[in-house]
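1. Below are the sequence and a predicted model for it; my questions follow.
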Amino acid sequence: MIDKEKFHVLNYIKKEEYSGSMDGMRYMLKKKETGEESVLEVIIWPEPYCYAKTAEEKKQRKEFPFSSEGVELAADWLNEQYESRESFWKASNMQACFPR
C-alpha cells in the first residue's frame with residue numbers, strides 16, 4: 001500500500017514520469033497539459049509488461065489536480081484500486097514471476 005505520509009512525488013513529477021508497482025499492479029503518475037492548466041494523470045495496468053508493451057485496453061486512467069492534494073488523492077485512488085481487485089493484481093504478479 002502507498003503511505004501518503006511518505007509519498008511526496010510532486011516535485012519529481014514536475015520534470016519526469018514517476019512509476020512503481022504493488023504486487024502485480026503497475027502505476028505511473030505524470031504531468032499532463034490540458035489547455036492552459038496541468039493535471040496529474042495516473043495510469044494503472046497489470047504486470048508483467050512495462051507501460052509501452054501493455055495493450056491500451058488493459059490500462060486504466062484517472063486525472064487529479066496537479067498539486068500536493070492531488071497526489072494524496074491519487075495515492076488514495078491507487079490504494080482503492082489495489083484493494084478492490086487484489087486477487088487480480090496478485091494473479092498478474094504470479095504470472096510475471098512464473099511465466100508459462
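-> That came in fine, so what should we check first? Numbers count the residues shown, from 1 in each chain.

2. okay, and the helix or strand of the protein with the least pLDDT?
-> helix 86-97 (a mean of 78; mean pLDDT, DSSP states H and E).

3. Need the three-state assignment for Thr54.
-> Put simply, Thr54 is coil when judged by DSSP: H, G, I helix; E, B strand; the rest coil.

4. brain fart, Glu57
-> helix.

5. how close does Gly70 get to Cys50?
-> 25 Å (C-beta to C-beta, to the nearest Å). C-beta: built from backbone N, CA, C; applies to glycine.

6. Can you give me every residue that contacts the spatially most central residue of the chain?
-> Residue closest to the mean C-alpha point of the chain, counted by C-alpha atoms, centre = their mean, is Tyr27 at 2.5 Å. If you count contacts by C-beta atoms under 8 Å, 6 or more residues apart in numbering, Tyr27 has them with Ser19, Gly20, Ser21, Val42, Ile43, Ile44, Trp45, Leu78.

7. what's the answer for Gly20, then?
-> Applying C-beta under 8 Å, 6+ apart, the residues contacting Gly20 are Arg26, Tyr27.

8. Are we agreed that it is in a strand?
-> Yes: secondary structure of Gly20 (three-state DSSP): part of a strand.

9. Give the bridge partners for it, please.
-> Beta-bridge pairing of Gly20 under DSSP bridges involves Tyr27.
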